[in-house]
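Novice: no FASTA, just this:
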C-alpha cells in the first residue's frame with residue numbers, strides 16, 4: 001500500500017457532522033473505477049461525490065483467470081491491495097461519465113477491465129465520510145457493504161473529534177471473495 005505522510009494527523013474537516021449509530025450503518029459508498037492515472041479518476045457517474053470530498057482509491061483485484069471448474073482463481077495478486085487517499089479538487093464531465101480530479105498524483109495505476117484471456121482487474125473509488133464525532137452504541141455496527149463483484153468490502157471514514165465505540169466496526173466476510 002502507498003501511504004502518504006501528509007495524511008497524518010489529518011482527521012478530516014467534519015463536513016458530515018456528528019453521527020450516533022445504534023443499528024447497522026454502512027458509511028462507505030464506492031463506485032467502480034474505469035481508470036485512474038496521474039491525479040484523475042474516470043468513473044461512469046458522479047452522484048456520490050462532491051468537490052472537497054475525500055476519496056479512497058483501491059485496486060481490489062488484479063490478474064485473475066478461470067480454472068477448469070470456471071471459478072475465479074487468483075494467479076498473481078499483481079497490484080491488488082494498492083490504495084491511496086486524496087481530496088477531490090474538481091469533477092469534470094467526460095464521454096464515459098465523469099473525471100474526478102484530486103490533490104494527489106497516484107503512485108500506482110488503478111483500473112477495471114476483463115479481457116478475452118480471463119485477466120480481470122477491479123478497482124473502486126470510495127467516498128470517505130469526514131465526521132465531526134462518531135458514537136457507535138452497543139447495539140450499533142458500522143459495516144462494509146458486501147462485495148458485489150465491482151465494489152464493497154470497505155469501511156472507511158475520518159473523525160475530527162471523538163470516536164466512541166461500544167458496538168462494532170466491521171467488514172468481516174464482506175470483501176472480495178468473502179474477505180479472503
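Specialist: Cool, the structure landed. Fair warning: this is a prediction, and the values are worked out from it, not measured in the lab.

Novice: can you tell me the average pLDDT over stretch 133-152?
Specialist: In this model, stretch 133-152 has a mean pLDDT of 95.

Novice: Could you do stretch 93-101 as well?
Specialist: 89.

Novice: From residue 103, how far out is residue 52?
Specialist: 10 Å (C-beta to C-beta, to the nearest Å). In this view, the C-beta of every residue, glycine as well, is placed from N, C-alpha and C.

Novice: Common neighbours of the two, please.
Specialist: residue 87 (C-beta atoms under 8 Å, 6 or more residues apart in numbering).

Novice: hang on, residue 93 is in a strand, isn't it?
Specialist: Yes - the assignment for residue 93 is a strand, going by DSSP: H, G, I helix; E, B strand; the rest coil.

Novice: Identify the residue nearest it in space, chain neighbours excluded?
Specialist: Leaving aside its sequence neighbours, residue 93 sits nearest to residue 99 (C-beta to C-beta, 6 or more residues apart in numbering; 7.8 Å).

Novice: After the helix or strand in which that neighbour is found, which helix or strand is next? Please name it.
Specialist: Per DSSP states H and E: residue 99 is located in strand 97-102. Downstream of strand 97-102, the next assigned helix or strand under DSSP H and E is strand 110-111.

Novice: Show me what that following strand packs onto, helices and strands only.
Specialist: strand 35-37, strand 54-62, strand 120-128 (3 or more C-beta pairs under 8 Å, 6 or more residues apart in numbering; DSSP states H and E).

Novice: before we move on, the earlier item: got a list of what the residue nearest to residue 93 touches?
Specialist: 40-42, 91-93 are the contacts of residue 99 under C-beta under 8 Å, 6+ apart.

Novice: Can you tell me which of these lies closest to residue 121?
Specialist: Lowest distance from residue 121 to the contacts of residue 99 (C-beta to C-beta) belongs to residue 42, with 13.7 Å.

Novice: Spatially central residue in this protein, please.
Specialist: residue 126 (3.4 Å; C-alpha atoms, centre = their mean).
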